[in-house]
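[1] Just the structure for this:
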Amino acid sequence: MAQKTTLVACPTCGKAVAWRPENAFRPFCGERCKMIDLGAWANESYKVPTEHGTFEEDIERPQ
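    Purely as a prediction, here's the structure:
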């Protein structure tokens, strides 16, 4: 029986990528797209929404 290959779109460039254990960069098509995405997180281009405000507001600071 032939194994079905699942294709996903690279989140950075949209190229079709086979979802296989051999693909070390999945869901990305390669290292370049993976690093572009990591850089976007590091530059705070992406943010995870929260219900309770920002992290800085939740920190108790000494007075």
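
[2] Could you use CA atoms for every contact and neighbour count after this?
    Will do.

[3] Which secondary structure element is home to the residue nearest the centre of the chain?
    For the chain, the residue nearest the mean C-alpha position is residue 37 (6.1 Å; CA atoms, centre = their mean). Assigned by DSSP states H and E, residue 37 falls within helix 31-42.

[4] what distance separates that helix from the centre of its chain?
    Remark: helix 31-42 is offset 8 Å from the chain centroid, using CA atoms, centre = their mean, to the nearest Å.

[5] ok, now which ones touch the residue nearest to the residue nearest to the centre of the chain when sequence neighbours are not counted?
    Of all residues not flanking residue 37 in the chain, residue 12 sits nearest, at 6.6 Å (CA to CA, 6 or more residues apart in numbering). Applying CA atoms under 8 Å, 6 or more residues apart in numbering to residue 12 gives the contacts 28, 33-34, 36-37.

[6] got a pLDDT number for residue 60?
    We have a pLDDT of 68 for residue 60.

[7] same deal with residue 47?
    At residue 47, the pLDDT value in this model is 80.

[8] Could you find the closest non-adjacent residue to it?
    If you skip the residues right next to it in sequence, residue 47 has residue 41 as its closest partner in space, 7.6 Å away by CA to CA, 6+ apart.

[9] What separation do you get for that neighbour and residue 19?
    From residue 41 across to residue 19, the span is 23 Å (CA to CA, to the nearest Å).

[10] Same drill for the two, tell me which one is more crowded.
    Set residue 41 next to residue 19 and count neighbours by other CA atoms under 10 Å: residue 19 wins out with 18 against 12.

[11] so the more buried one touches residue 4, yeah?
    No - applying CA atoms under 8 Å as the test, residue 19 and residue 4 come out as separate, 10.3 Å apart.

[12] So the residue nearest to the centre of the chain versus residue 7, what's the distance?
    In terms of CA to CA, residue 37 sits 19 Å off from residue 7.
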